[in-house]
Each structure stands twice: as structure tokens, then as C-alpha cells.
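In: Following is a predicted model, sequence given first.
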Amino acid sequence: MVLQRVGDFLEKTEVWQRRFFDWLVKRAKSDSIENRRFPVEPENVRIFMRIIIEPSSEYASKRAAAWIAQLIRRKPNCVLGLATGSTPLAVYQELIRQHRDEGLDWSQVTTFNLDEYVGLAPTHPQSYRYFMDEHLFRHINILPQNINVPDGRALDFERYCRTYEKLIQQAGGIDLQLLGIGSDGHIAFNEPGSSLGSRTRIKTLMRKTIEDNARFFASPAEVPRMAITMGVGTILDSRQCLLLATGRHKAEAIAHTVEGPVTSQVTASALQLHRDVIVVLDEAAASLLQRIEYYKEVEQTQRELEAAAAAFPPELL
Ligand code: F6R
């Protein structure tokens, strides 16, 4: 008798929970991209590579920007790892917009950039420092002393690279590292063959990378042959990595990164070893993934779970 009552009660609770869950899912689905929640609390740290496929590069960039903005709001003194190149441009534009229109506050944020060309002064229009100033830093309220971009004109590079690593450690480590990917699968300037345990150091650039980046210079001959770059090991030390790739020209590198073996020949594949990676793609960059439909289903379930968790009063979780 008692057992029967307990059974009835549990059944009713289950029906109620199901209805509540369905309602949450409906609500999450109707949410606009800006309003969706992206919890990155330590207790929500995922132990997997989360693959998010958005319909366009615009949505993918907004999604990446939302992730970064959410971290800054949750942890105002966070440490961000930043990248240069064409990929993050729209992300930075969205972050600037949020600073201007929504008061996104950078006053306590510290940043570390991935890399810099050897030999270029920070004022050189093709230097990565100049790029960051132009496309992000001078539009937000970040403090100059909290900005770190490797110095391409350091005299004792070995020592300088060790100092850069130490500065990252002293800042408490990188909370979120934003990454682009080269067409040969490199992250930062870790060209194919780079040790997966490498730290900040000087790297000779591959011909392909020089050709890819020549679009920013008057001619390929002007592209520096060497760069100072965080190592793969340095990147893997970040608490969370956010890899953004858009466009068909990144599809092959993404397929190798996500579905290929972990290999130093595609340094981005080392991200498979990281415990908390988000890969944000547009349809074009995702187009060569063999399990694309499965990733979409996993992401759908993930969003439903997050919406359900976000709606529960914290004391019940
Ligand atoms: C730049 C960097 C590089 C780029 C990559 C892709 O700081 O670390 O790894 O992310 O070369 O460049 P884009 O985005 O120009 O295709």
C-alpha cells in the first residue's frame, strides 16, 4: 500500500518534470542568439570537445563573442588569450559593440596574445600588436599595463620567451584562449611538426603560412620568416580553449583537427587532449566533418540540458 503510494507520487513527479523540461526546451529554442546562456562556471567544465555549428560566419563570430563576453561578465578580472588574423575580426567588432552599447567592462581584464612576427616594431602596421590596437584595444577600456603581446624586437629571445611564460603564470594562467586555425592546421604559429609539448619560442614559418599571410603585406617577400609564438603546451595549459573557424578553406584543417589522429603534423589536433574545448564553426568550415549530423544532435541535447540547468533554482542543483 505504502509502496503503491510512493510509486504514484514518483510517477506524478516524473510527469511534472517532463512537462517542465518540455517547457524549458521550448523557451530555449525561442531564445535569440544573444540571449542564450553559455555557462562557463568551473563546475560546468566539460570534459569533451564541444562542436558548435552555426549557419553562417556571422552567427559563428557572434557565438564566440558571446562566450567571451559572458566570461568577462562572470569573472571581470579574467585572463584572456587572444589571436590575430581574419577570423577573430568579427568577434572583436561584436565585443567592441558590447563595450559601447552594453557597458562590457574590460578594466580588470588581462590579455595575452598568441604570437608576433620577429623583427616588427609594435608600431609597424603589419605587426600583431598594431593589429590588436587597431581592431580591439583602442576601442575598449582595457588598461595598457594589462595588455601582453610578444615583443617581436626582443634582443635575447630565449630569455624573453621564458619571461612571457612566467607572466602568464603570474597572471594566474589563461582562463580562455581564443584560437584561429591555419589552412595547414596550425594554432598560433605552431607549424606542422611542432612538439605538442612546446612552450613559447621562436618558430620558422612554413611557406604556406607565409603565402596565406602575404595578403596583409605588399608582397610575400615582405612577410617575416620567423615568429615568436606560444607553444602547443602553453595553449593546452589554458583552462578553456575556443577555436573559431569559418569558410570552406578551413574545412580540411577542421576535419583533421576534430576527426583525425592527434599528431604534431596538425598541431590543432592536440586540442583533442584538452578537457574543455569549444569549436565554433560555420557550415562551410564544418562541411568535411564526417559526423556532422551527430555533432548537431549532441549540441542540441547540450543546449536543452543547459537550459534546464539554468532554469532550476541553484539550491536545487
Ligand atoms: C594568429 C594566429 C594564427 C591564425 C591562423 C589563421 O594570431 O595565431 O594561428 O589564427 O593563421 O589565420 P586567419 O584567421 O587569418 O585565417
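Out: All right, it came through fine.
In: Point out where this structure drops to low pLDDT.
Out: 1-47, 314-317 (pLDDT under 70).
In: residue boundaries of the strands in it?
Out: 48-54, 79-82, 110-113, 115-117, 147-148, 176-179, 201-204, 226-229, 240-245, 276-282 (DSSP state E).
In: among those strands, which is nearest F157?
Out: strand 201-204 (5.3 Å; CB to CB). The way it works is simple: take the backbone N, C-alpha and C, and place the C-beta from them, glycine included.
In: partners of the closest one, with directions?
Out: Using DSSP bridges, the strands paired with strand 201-204 are strand 226-229 (antiparallel).
In: Restrict the strand it pairs with to CA atoms and write it as PDB.
Out: C-alpha atoms of strand 226-229 as PDB (Å, rounded to 0.1, in the frame of the first residue of the first chain):
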ATOM      1  CA  MET A 226      60.000  33.900 -38.200                       C
ATOM      2  CA  ALA A 227      57.600  34.500 -35.400                       C
ATOM      3  CA  ILE A 228      57.600  34.300 -31.600                       C
ATOM      4  CA  THR A 229      54.700  32.100 -30.600                       C
END
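In: where does the stretch 51-200 of the chain come near the ligand, residue by residue?
Out: 83-87, 114-115, 180-182, 186-188 (CB under 6 Å from any ligand atom).
In: would CSV of those residues with distance to H274 and neighbour count be doable?
Out: Output for these, formatted as CSV (distance: CB to CB, whole Å; neighbours: other CB atoms under 10 Å):
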residue, distance to H274, neighbour count
A83, 16, 23
T84, 21, 26
G85, 21, 17
S86, 24, 13
T87, 19, 23
L114, 15, 27
D115, 19, 22
G180, 16, 21
I181, 14, 25
G182, 18, 24
H186, 16, 26
I187, 11, 30
A188, 14, 30
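In: In the stretch 101-250 of the chain, what residue comes closest to the ligand?
Out: G180 (2.5 Å; CB to the nearest ligand atom).
In: residue contacts, the most centrally placed residue in the chain?
Out: Residue closest to the average C-alpha location in the chain (CA atoms, centre = their mean): L242, at 1.8 Å. Shown in contact with L242 (CB atoms under 8 Å, 6 or more residues apart in numbering): A64, W67, I68, L176, Q177, L178, L179, V277, I278, V280.
In: ok, what's across the strand from it?
Out: L178, I278.
In: Quick check: it vs L82, distance?
Out: 11 Å (CB to CB, to the nearest Å).
In: which residues do the two both contact?
Out: L178.
In: Now do the contacts for whichever residue of the stretch 1-150 of the chain sits closest to the ligand.
Out: Distance from the ligand to each residue of the stretch 1-150 of the chain (CB to the nearest ligand atom) is smallest for G85, at 2.8 Å. By CB under 8 Å, 6+ apart, the contact list for G85 reads G180.
In: rerun that using 10 Å as the cut-off
Out: Remark: with contacts taken as CB atoms under 10 Å, 6 or more residues apart in numbering, G85 is in contact with L114, D115, Y128, F131, L179, G180, I181, G182, D212, N213, F216.
In: what sits against the fourth one?
Out: Read that as F131. Per CB under 10 Å, 6+ apart, neighbours of F131: T84, G85, P88, L89, Y92, N113, E116, H124, P125, F137, V149, F216.
In: Quick check: the two most widely separated of the contacts of G85?
Out: Taking CB to CB, no two of the contacts of G85 sit farther apart than L179 and F216, at 18.7 Å.
In: how about the nearest residue to I53, chain neighbours excluded?
Out: A286 (4.6 Å; CB to CB, 6 or more residues apart in numbering).
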